[in-house]
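1. here is a sequence together with a model predicted from it:
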Amino acid sequence: MPVDLAVSRRTVLRGGLLTLAGAAGVSSLSGCGTPESGLPVQEGRLDTDHWPGQTPRWRLAVPEQATATVIALHGYGGDSDFFFDPPLAAQVAEQHGIAVAAVDGGDTYWHARADGTDTGAMVLEDLLPALEEAGAPVDRVGLTGFSMGGYGALLLATQLPPARVLGVAAVSAAIFFSIGESTGSFDDEADFAEHDLFRRVDALRQVPVWLACGASDSFAETNQALADELPDAVAVLDAGEHDRVYFEGHWPEGMAFLGELAQG
């Protein structure tokens, strides 16, 4: 069934295809490198109780005089390399004067699961203190992500005080209308209900939101529906699929949105 991409309010339609320490959250800094942008990238690992048996790697690019930090959350099957190899994160960090960080998060959809994993809490309680220790400004936090990470960015934005959230930039966010549409993303109906973005629209309306999703993406309809619930959101709904081509063609625009907010 064709998806109607005509979004009211502040939607941008484009025709072309150009296609983010708690008590146990001690971080170890393992080194840094210099990507093509010339901006050094720090790397470390988290000792976290929120992902039993794992010491997830994080990466961080901090330009001089950065005023905020954006956490980039990868999609299902990905890791922190998604944003740093190729060095897109370091490039947008340098361009917009914002720190950009990413962390390995597994495939548990960035929220508390029945097996004791909670990579969302890991980000908020373990990663943010580690980034602050590494020199990133975390008083204002932006959230971004692709697919599962786009969902996670929107979800975590509702778990912080609105005044602390710089904004959200989600590309091809994996949003579901019901648990029946997902496979392994939620433990049961109660888990889905607790973390359903459509039940959190009041919180999302309190923070700046930028969304992008391709018309041929299986999540186009749910992204459209969420945009309809957020009167002040910027929604880019145009030609494209659920792939890296679409991500690379749109993520810089979302990061520019957050960069402008950071300078405001």
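-> Cool, the structure landed.

2. residue 235 touches residue 229, doesn't it?
-> No - judged on Cβ atoms under 8 Å, residue 235 makes no contact with residue 229 at a distance of 10.8 Å. Using the backbone N, CA and C atoms, a C-beta is placed for each residue, glycine as well.

3. the more surrounded of these two?
-> Between residue 235 and residue 229, counted using other Cβ atoms under 10 Å, the more crowded position is residue 235 (24 against 14).

4. let's verify the more buried one: helix, strand, or coil?
-> strand (DSSP: H, G, I helix; E, B strand; the rest coil).

5. and it, what's its pLDDT?
-> pLDDT, residue 235: 98.

6. repeat that for the one 5 residues further on.
-> At residue 240 the predicted local distance difference test score is 98.

7. and if you look at residue 183?
-> At residue 183, pLDDT is 88.

8. same question, residue 6
-> pLDDT, read off for residue 6, is 30.

9. now for residue 227, how many residues are close by?
-> Counted with other Cβ under 10 Å, residue 227 comes out at 23.

10. just the helices in the protein please.
-> 81-84, 88-96, 119-121, 128-133, 148-157, 189-194, 201-204, 220-229, 244-263 (DSSP state H).

11. please enumerate the strands of the chain.
-> Remark: strands assigned in the chain by DSSP state E are 11-12, 26-33, 41-47, 57-61, 69-73, 99-103, 141-146, 165-171, 209-214, 234-238.

12. ranking these by mean pLDDT, which is last?
-> strand 11-12 (a mean of 36).

13. that older thread, buried deepest among the helices of the chain, which one?
-> For the helices of the chain, the largest average neighbour count (mean count of other Cβ atoms under 10 Å) is found in helix 148-157, namely a mean of 28.

14. who does it touch, helix- and strand-wise?
-> Secondary-structure packing of helix 148-157 (3 or more Cβ pairs under 8 Å, 6 or more residues apart in numbering; DSSP states H and E): strand 69-73, helix 119-121, strand 141-146, strand 165-171, helix 201-204.

15. residue 188: which of the ones you listed is closest?
-> helix 119-121 (17.5 Å; Cβ to Cβ).

16. that older thread, of the helices and strands packed on helix 148-157, which approaches residue 159 most closely?
-> helix 119-121 (7.0 Å).

17. isn't residue 187 right up against residue 114?
-> Yes - if you go by Cβ under 8 Å, residue 187 and residue 114 touch, sitting 4.5 Å apart.
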